[in-house]
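A.B. asks: sequence-free structure coming up:
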């Protein structure tokens, strides 16, 4: 758990996969017209990218439950915030 | 460890170092608590002074000595000072700082320097906010609602920036406490063996860490709105003023639980100790704190029932708000059950705790009235809301705060306050408080709107009673603070480690504690509150 | 390198019982701070989505008027800096302060490149009157129209609503930029400590903490880039 040293190779693979996903984001958003689904797709890819950063660059994959919970809490409360504000705005 | 040894022989945390500078640069959590005490008491007196001025102005239906503008400014200052500088930092930062490490058997909080930084954040923020007085004052109310706050006097920017900086103080304190609770518990101190005050601080800290950043960004946007004129909350520029209210209450509703949950924790301690009985329903009280902090994030829309929010959102928020009543009632029943057939000693902390039970019950129940969507439409912006809020915050949070101050007083100062005079203050505040705010419930239900400096003659008797009550409650609190400050120097010396016969760890150390808290870190083998 | 004797920490602070405990506590503190960062930026994202829902077309128009190639460039720069930062943590954990120092230099250089690109972007926007404040809002509609991909939007562009897009653009990228600048400050602090060879496989909390911060800044950009520039 603690003191897990991430090797250079893993960091490189992480970087490359992030760059790859960035390219996919740009290509799908700029050159494939899905209408409003473009937003969803882009957000989906961004979420994957963020998870990769959280898991490998920020070592959550090797970390204890508590830090994962903390990160998850941040995201969960944010979704709550978005959700309730939307309940108001969509039904006004 | 040589530094430890020099302190452990005879010296305690108060006299181990001398001079103002040693206090201003201290990273000892107990000394920081004392610094919070001084600061918060000053803020409390200033905020209280404005309250008294407001009540005095309301003595007669006609304007007495204030113009409408002056009244609005005094009202805003009263609210902002009491909320941001007294109640929010009051229990967690003052009593939490003092008691938390002692209660879990730690030598200090996890990040002592950060702890000191929190104090300075509060000071800088408070300074900036109070400076606005000389800039002409602020008349928006402590909620800074847009679009008015985007356009009114320049001083708004300063108060808002002040609140922003004070928000950091709150975040850093909460962060510090969470890590302290996770990582620094003494051997054997499992989560389920923690004192209930620690549980309540834990629940509070979660809210502080999660919700306060949203206040930060809200206030920052408000500053941008004023300085750059960006118009994000301004309908004439395409913005949405109701969005400000969402942002603001996403923090500020959980914030009222930042104020009340730690006070509830104090009540748990005080009631167990002064009933000399094992607390009833330890787990229920502990988890209801967490439940309150979770639910607190789901209910902010009940502040916006008449702000043009959608009916669906209003209904959902209304139902969810009533849920808060469940964990709150669980706590109240458990406290009363603890007292039942206990050896109840009516010392000052216990009297304040009983004040809390009585007043907070009323505050909580009237909260359910206001939670009901349709009733709130009528009661919104009346004195009913004012009275409800003061029953929970003054009758709840501050009564709990004073219960805690008197409870830990001997441990903090090494001296005992005058018990008889202490009891007198508890009774004075109780009588004065009810005299002040019961008439406000009646007025509110009859339609007296809040935030006006004049009113219809039909409300005159209620306002008169209320103003007289405010003098009694003010006298009670001033007397209480006077006793505490006087007896810090002149009180009877108290060397007993455990004057109250309590069972938590802070009563096993010297009075006052040594710099390092414990000569040797204790090993915990049982649950707290094992009286009989 | 490991033989170099500077004031490298071997003992934990007085209130912890071990270096391990102190490290875990420090890291958890940073993580909690990261949660506050998520919430703070989250507020702005909530604002973004709400106004996007209200003024959908304006957001498309606003997004088109930004230069997405510069945005993509900055994305790559930040991703690379995240990599160098992660690698710096790896090297510090191995005890290689000198290598870590070089990697922190790279990271800082990336941060500066990012800021330079941002400077050009901002000044271009300000030149076209797209800064929504200080009475500088005076949008160059021809410029906007020349940028829009969807011709149908051409006639719907209402400067008043477009303004809100740029409010959020400047607020979000601006706050993000401030974080980058703070990050550079933290890097300089790290450089000093790495030069002094202060870290060891047992004590590297500071590097790891700055790393976490830097990655969060990167994550925020991962979301900002598509939301602002692409869609």
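C.D. replies: Perfect, thanks for sending it. A quick note: this is a predicted structure, and the numbers were derived from the prediction, not measured.

A.B. asks: which bits of chain C sit near chain B?
C.D. replies: C:14-17, C:21, C:24-26, C:28-29, C:32-33, C:35-37, C:39-44, C:46-47, C:50-51, C:54-55, C:132-135, C:160-161, C:163-164, C:167-168, C:170-171, C:175 (C-beta under 8 Å from any C-beta of the partner chain). Bear in mind the C-beta positions are built from the backbone N, C-alpha and C, glycine included.

A.B. asks: Which among these count as buried?
C.D. replies: Buried members of those, counted by 16 or more other C-beta atoms under 10 Å in any protein chain shown: C:15-16, C:21, C:24-26, C:28-29, C:32-33, C:35-37, C:39-44, C:46-47, C:50-51, C:54-55, C:132-133, C:161, C:163-164, C:167-168, C:170-171, C:175.

A.B. asks: Just the closest residue of chain C to chain B, please.
C.D. replies: residue C:133 (2.8 Å; C-beta to the nearest C-beta).

A.B. asks: is it true that that residue lies in a strand?
C.D. replies: No: read with DSSP: H, G, I helix; E, B strand; the rest coil, residue C:133 is coil and lies in no strand.

A.B. asks: could you pick out which of the residues of chain C next to chain B are near chain A?
C.D. replies: Applying C-beta under 8 Å from any C-beta to the residues of chain C next to chain B, those adjacent to chain A are C:24, C:28, C:32, C:35-37, C:39, C:42-43, C:46, C:50, C:54.

A.B. asks: Dump those into CSV; add pLDDT and distance to residue B:47 as well.
C.D. replies: As requested, these are exported to CSV (pLDDT from 0 to 100; distance: C-beta to C-beta, whole Å):
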residue, pLDDT, distance to residue B:47
C:24, 90, 40
C:28, 94, 35
C:32, 95, 30
C:35, 93, 31
C:36, 94, 27
C:37, 93, 32
C:39, 93, 28
C:42, 91, 32
C:43, 90, 28
C:46, 90, 32
C:50, 86, 35
C:54, 82, 39
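
A.B. asks: Can you tell me the closest non-neighbouring residue to the residue of chain C closest to chain B?
C.D. replies: residue B:228 (2.8 Å; C-beta to C-beta, 6 or more residues apart in numbering or on different chains).

A.B. asks: Could you report the pLDDT at that neighbour?
C.D. replies: Predicted confidence (pLDDT) for residue B:228: 82.

A.B. asks: Kindly report the same for residue B:460.
C.D. replies: For residue B:460, the predicted pLDDT is 95.

A.B. asks: any idea how far the residue lying closest to it once chain neighbours are set aside is from residue B:11?
C.D. replies: Distances taken as C-beta to C-beta, 6+ apart put residue B:61 closest to residue B:460, at 5.5 Å, once the chain neighbours are dropped. Using C-beta to C-beta, to the nearest Å, residue B:61 is found at 60 Å from residue B:11.

A.B. asks: which element follows the helix or strand containing residue C:145 toward the C-terminus?
C.D. replies: Here residue C:145 sits within helix C:141-147, counting by DSSP states H and E. Next helix or strand after helix C:141-147 toward the C-terminus (DSSP H and E): helix C:159-195.

A.B. asks: what is the mean pLDDT for that next one?
C.D. replies: Rounded mean pLDDT across helix C:159-195 is 91.

A.B. asks: correct me, but residue B:283 touches residue B:194?
C.D. replies: No: the pair residue B:283 / residue B:194 is not scored as a contact, 11.5 Å apart, by C-beta atoms under 8 Å.

A.B. asks: Between these two, which has more neighbouring residues?
C.D. replies: More crowded of residue B:283 and residue B:194, by other C-beta atoms under 10 Å in any protein chain shown: residue B:194, with 24 against 10.

A.B. asks: Now do the same contact list for the nearest residue to the more buried one once chain neighbours are set aside.
C.D. replies: Spatial nearest neighbour of residue B:194, chain neighbours left out: residue B:104 (6.4 Å); criterion: C-beta to C-beta, 6+ apart. Shown in contact with residue B:104 (C-beta atoms under 8 Å, 6 or more residues apart in numbering or on different chains): B:180-181, B:184-186, B:189, B:194-195, B:198, B:505.

A.B. asks: same question, residue B:454
C.D. replies: Applying C-beta under 8 Å, 6+ apart, the residues near residue B:454 are B:61-63, B:68.

A.B. asks: Just the pLDDT at residue 19, thanks.
C.D. replies: Since you didn't name a chain, this refers to chain A. 95.

A.B. asks: that's the wrong chain, I wanted chain C
C.D. replies: For residue C:19, pLDDT reads 87.

A.B. asks: hang on, isn't it packed against residue C:205?
C.D. replies: No: using C-beta under 8 Å, residue C:19 is not in contact with residue C:205, being 9.4 Å away.

A.B. asks: just to revisit the earlier point, between the contacts of residue B:454, which is closest to residue A:90?
C.D. replies: Comparing the contacts of residue B:454 against residue A:90 with C-beta to C-beta places residue B:68 closest, at 39.1 Å.

A.B. asks: How many neighbouring residues does the closest one have?
C.D. replies: 13.

A.B. asks: Tell me where the stretch 301-450 of chain B has strands.
C.D. replies: Using DSSP state E, counting those that start in this stretch, the strands of the stretch 301-450 of chain B run over B:415-416.

A.B. asks: just to revisit the earlier point, tell me the contacts of the residue of chain C closest to chain B?
C.D. replies: Neighbours of residue C:133 in contact, by C-beta under 8 Å, 6+ apart: B:224, B:227-230, C:167, C:170.

A.B. asks: can you tell me the helix or strand for the closest residue to residue B:146 other than its chain neighbours?
C.D. replies: In space, and not counting its chain neighbours, residue B:146 is closest to residue B:233: 3.9 Å by C-beta to C-beta, 6+ apart. Residue B:233 belongs to no helix or strand when assigned by DSSP H and E.

A.B. asks: was I right about residue B:233 contacting residue B:241?
C.D. replies: Yes: look at residue B:233 against residue B:241 with C-beta under 8 Å: they come within range, at 5.4 Å.

A.B. asks: which one of the two has more residues nearby?
C.D. replies: The neighbour comparison of residue B:233 against residue B:241 (other C-beta under 10 Å) goes to residue B:233, with 26 against 18.

A.B. asks: Retrieve the pLDDT associated with the more buried one.
C.D. replies: On the pLDDT scale, residue B:233 gets 88.

A.B. asks: Please name the residues that touch it.
C.D. replies: B:146-147, B:150, B:221-222, B:225, B:239-241, B:243-244.
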